Each structure stands twice: as structure tokens, then as C-alpha cells.
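Peer 1: Show me how the following folds:
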Amino acid sequence: MENTTSSWSNGTDVDDIPQYIGFICCGIASIMFGTNFVPVKKFETGDGMYFQWVLSNAIIMSAIVVQTIRLSRFYPFVMVGGILWATGNICVVPIVKTIGLGLGICVWGSAQLLVGWANGRFGLVGVEAEIPNNLAMNYAGVSISLVSTVMYAFVKPDIKPITMDITIPAPDAESANSKSPKVVELTDMEENPPVKPSPGEFILERWSPAKKKIVGIILAAFSGVMYAFQFIPARYIQQQYRDNGASQNSLDYVFAHYCGIYLTSTLYFIIYALFRRNQPKVFPRVIVPGIVSGLMWGVGTASWFIANKSLSDPVSFPIISTVPMGISLLIGIVAFKEIKGCRNISIVAVAMTLTIVGAVVAGLSKT
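Peer 2: Reported below is the predicted structural model:
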């Protein structure tokens, strides 16, 4: 069944959605995006391919719920946005293992903000350009955000790879005559380094800190670009096929978007399994945390779609692109101890302040 009208689920026009609903959705999206990777932080995810696929299963679950409520028309082209997101999201596990959860979200969030601004300002890929009312304020906001992104590179996170306790039988004079062999626990990885990496160890974890930082920041920036472009296909359909009955309710594009994510993630996992000769690295303990993470992301993105319509992109985009950074940084500093020392914390505080100020100024330039 198709629904090409721009009505809300209760029959009222989407333009009548109160602004406070939009701000509530911004808050929900910010909390979800700032914390959705926390459930899997303490679980081994290896190279991230299996985790990506588990995440996509939870995302399609949330999509089915939205589609059941909306009964929206399916727009195949919108799946391209899901393809872009899934491609960028493959880099999440390497990012977290190289520069940490807090710093990673900050870098890809800043890249997402900058690319999203450029596309909205200039209409880069076939969508209508949205020229801010105050260009000077808009450019100032983007410049401040760019400075904050550069500052993140000077933070030195302290990332410790996840390790597993190893027990091995240690034969000796006593155990030789005993039916129960003595067990020696190797919990000090520094004094007893393993000859081979653990099954869940990712190759990036063995690189030097400087190399990990460079690779992590590059991957985070790439993910940010992919995340920024994920909404373009839906906006293109809304704008170019407006006269042909294309829905102007952004929530009607969620199902197709999420289908693109699921199908792309599944394809990547199949290719990965074939590359490893049908022996992919699978970590069963990450299944439940991964599903929780995916459901949180699904709720956050659906909330973002609602906020976009209620508040408009110039208001919702800066909020949702920056507030999760503060939440993730707080978690990275307080809970995971990834960022330590007065110098690092000071840099993060200044960079985060500049990011928020830049986003707010850029958003206000449209009002």
C-alpha cells in the first residue's frame, strides 16, 4: 500500500508538528547517537564485519516497525543513502580501536557537519541549494567548526585492546602424577606477551600510536562524509518528484533507507566470508549488544527524520551533529578513561566548545 501524502500518522499535516516535538526528537537522536556504541564497547568485535551485519539486522527490525505504522510508498533510489551509510559504518570498529569512541565520533561528526553544510549551501549533488540569510555568519560558523576538527588531531587517546585471560596446562613433577593438571593464568599481557595475536585481535591494534591516530582520523573523516550524504537520495526524490506525488514527510523514506543498509551490510559480509574461505570471524557474545546498538541507531535516525521536518535542517542538523560528540566525549573520559591528562582534556574542551559554537552560528545564519 502506498501513502504519497505528507500527512502525519494521525492524519494531521506534518507542518503542524509542534516545535517542542522536534526538539524532543533532537534530544532522542543525540542521546542514541552518542551512546549507541557503548553496549559493544567491552565486547570483542574483531574486524567489525560480523558486528556490522548484526547491527544491520537490528536496523531493519526498526524499519519494519516504521513501515508498519506509515505504510509508505517504497522509493528504490533512497536505498543509495543506506548504501553510503553502510559503507562508512564499516570503518567504525577500526576507528574505535585506533582513536577511541569519543574522539572518533567527534571527527566523523565534524566531517558530517561540514559536508552537510556544503551540500546544503551549494546543492552539490542534484539537490536544491539553500542559501543562508546571513552568509558571513554562516561562513564564520563553518570556519570555527573546521578549526575544532583540526584540534582533535592533537588529542592523544589511551586505547587498550580487549584481551582475554588464557589458561594453559603446566606439567610439573606434581601434575605429572595427578589426574588434574595444574593451570597457570596469563593475565599480565605485558610480562607474558602472546606469540600470536588473539583470535579477536584486529591488525590495527598492533600499529604504533602515531600510525593508529593518522589512520583513525582518516577513516573517521571518510565515515563522516558518507554519513553526510546518506540523506541526499531522499531529499532528491522529495524535491525532484514533488509534483508527481512524492511524499514530503521524511519519515516515509526511512524504510527504503534502512533496506539499503541491510542489503549492503549483508552483501559486504558475504564478500568477506568468501574472502576468508567461508571462515569469517564470528563473535557470538556481540549479538545481543549489537542488536541493542542497532535498535538505538534506528530510533535515533527515525527521530532525526522527524526533527528535520519539524525544525528544518538548519536547526536540527547542527544540534544532532554536535551534541552526540559531547555525550561520547564524556563517556570516553569518565567511563572508559580513553582521554587522560590536563592537556588532552583541555584540548577536547576547547575543541568541543568550538564545534558547538560553530554549529550553532551556522544554524542561526539560516534564520
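Peer 1: what ranges do the helices span in this structure?
Peer 2: When secondary structure is read from DSSP state H, the chain shows helices at 19-35, 49-70, 79-89, 92-99, 101-122, 135-152, 173-176, 209-229, 232-240, 254-275, 287-311, 313-334, 342-364.
Peer 1: Alpha carbons of the first one, as PDB, please.
Peer 2: The reference is to helix 19-35. Only the C-alpha atoms of helix 19-35 are listed here, as PDB (Å, rounded to 0.1, in the frame of the first residue of the first chain):
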ATOM      1  CA  GLN A  19       8.400  22.600  17.600                       C
ATOM      2  CA  TYR A  20       8.800  21.100  21.000                       C
ATOM      3  CA  ILE A  21       8.300  17.700  19.400                       C
ATOM      4  CA  GLY A  22      11.200  18.500  17.100                       C
ATOM      5  CA  PHE A  23      13.400  19.400  20.000                       C
ATOM      6  CA  ILE A  24      12.400  16.300  21.800                       C
ATOM      7  CA  CYS A  25      13.400  14.300  18.700                       C
ATOM      8  CA  CYS A  26      16.700  16.100  18.500                       C
ATOM      9  CA  GLY A  27      17.300  15.100  22.100                       C
ATOM     10  CA  ILE A  28      16.400  11.500  21.500                       C
ATOM     11  CA  ALA A  29      18.600  11.300  18.400                       C
ATOM     12  CA  SER A  30      21.500  12.900  20.200                       C
ATOM     13  CA  ILE A  31      21.400  10.500  23.100                       C
ATOM     14  CA  MET A  32      21.000   7.500  20.800                       C
ATOM     15  CA  PHE A  33      23.900   8.500  18.500                       C
ATOM     16  CA  GLY A  34      26.100   9.500  21.500                       C
ATOM     17  CA  THR A  35      25.700   6.100  23.300                       C
END
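Peer 1: Rounded mean pLDDT for that helix, please.
Peer 2: In this model, helix 19-35 has a mean pLDDT of 86.
Peer 1: What residues of that helix count as buried?
Peer 2: 22-23, 25-26, 28-35 (16 or more other Cβ atoms under 10 Å). From N, CA and C alone the C-beta is placed, and that goes for glycine too.
Peer 1: do the same with the fourth one
Peer 2: For helix 92-99, a neighbour-count test (16+ other Cβ under 10 Å) marks 92-99 as buried.
Peer 1: Can I get those residues in a markdown table including pLDDT and distance to residue 328?
Peer 2: Listed next are those as a markdown table, based on pLDDT from 0 to 100; distance: Cβ to Cβ, whole Å:
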| residue | pLDDT | distance to residue 328 |
| --- | --- | --- |
| 92 | 80 | 12 |
| 93 | 75 | 15 |
| 94 | 82 | 17 |
| 95 | 84 | 12 |
| 96 | 77 | 10 |
| 97 | 78 | 15 |
| 98 | 83 | 15 |
| 99 | 81 | 12 |
